[in-house]
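Trainee: Next one to model:
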Amino acid sequence: VQLQASGGGLVQAGGSLRLSCAASGFNFDDYGFGWFRQAPGKERERVSCISSHESITRGYVDSVKGRFTISRDNAKNTVYLEMNSLKPEDTAVYYCKANIWTPAEGSTDYWGQGTQVTVSS
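Mentor: Below you'll find the model as predicted:
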């Protein structure tokens, strides 16, 4: 099982980045995904999530609503986080997580390594 996050970098306030999370080793279609971030000295927070269902549902933390968009490409086994109008407070290490719940095993999570996003003012 592998989740490979990429796309982070240094950007000026107001700029954009697109994060990617490429998955392998499990049945991508069956999993929901989330993007989390952790800034220095702060707890990890969930930024956005997307369901596994055919009728896709998405969720966002209030601070990124209207600026970030999560999407998934099941053909490419990849989840994206499009980040626009970036602010210095968006600076953090961003992580992707895959999750599935089954009656037999309950909840299973897989985490990717982080990708650093730095927004300069």
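Trainee: And the contacts of the helix or strand bottoming out on mean pLDDT in the chain?
Mentor: Lowest by mean pLDDT, DSSP states H and E among the helices and strands of the chain is strand 58-60, with a mean of 92. Strand 58-60 is contacted from outside by 47, 48, 49, 50, 51, 68, 70, using Cβ atoms under 8 Å, 6 or more residues apart in numbering. In short, each C-beta sits where N, CA and C put it, glycine included.
Trainee: let's go with 10 Å and repeat that
Mentor: Residues from elsewhere that reach strand 58-60 (Cβ atoms under 10 Å, 6 or more residues apart in numbering): 32, 34-35, 46-51, 65-72.
Trainee: Pull out the buried positions in that strand.
Mentor: For strand 58-60, burial by neighbour count (16 or more other Cβ atoms under 10 Å) applies to residue 60.
Trainee: strand partners of that strand, parallel vs antiparallel please.
Mentor: strand 45-50 (antiparallel) (DSSP bridges).
Trainee: I figured residue 96 was touching residue 8, is that so?
Mentor: No: Residue 96 sits out of contact with residue 8 when judged by Cβ atoms under 10 Å, with a separation of 11.5 Å.
Trainee: which of those two has more neighbours?
Mentor: residue 96 (28 against 19; other Cβ atoms under 10 Å).
Trainee: three-state assignment of the more buried one?
Mentor: strand (DSSP: H, G, I helix; E, B strand; the rest coil).
Trainee: residues contacting it?
Mentor: 3-6, 19-23, 33-36, 70, 78-81, 110-115.
Trainee: one step back: shared neighbours, residue 96 and residue 8?
Mentor: Joint contacts of residue 96 and residue 8 (Cβ under 10 Å, 6+ apart) are 19, 20, 114, 115.
Trainee: quick one: average pLDDT of stretch 111-121?
Mentor: Stretch 111-121 comes out with an average pLDDT of 96.
Trainee: can you give me the offset of that stretch from its chain's centre?
Mentor: 11 Å (Cα atoms, centre = their mean, to the nearest Å).
Trainee: Any quick ChimeraX command for the buried ones out of the shared contacts of residue 96 and residue 8?
Mentor: Buried subset of the shared contacts of residue 96 and residue 8, written as a ChimeraX selection, criterion 16+ other Cβ under 10 Å:
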select :19,20,114,115
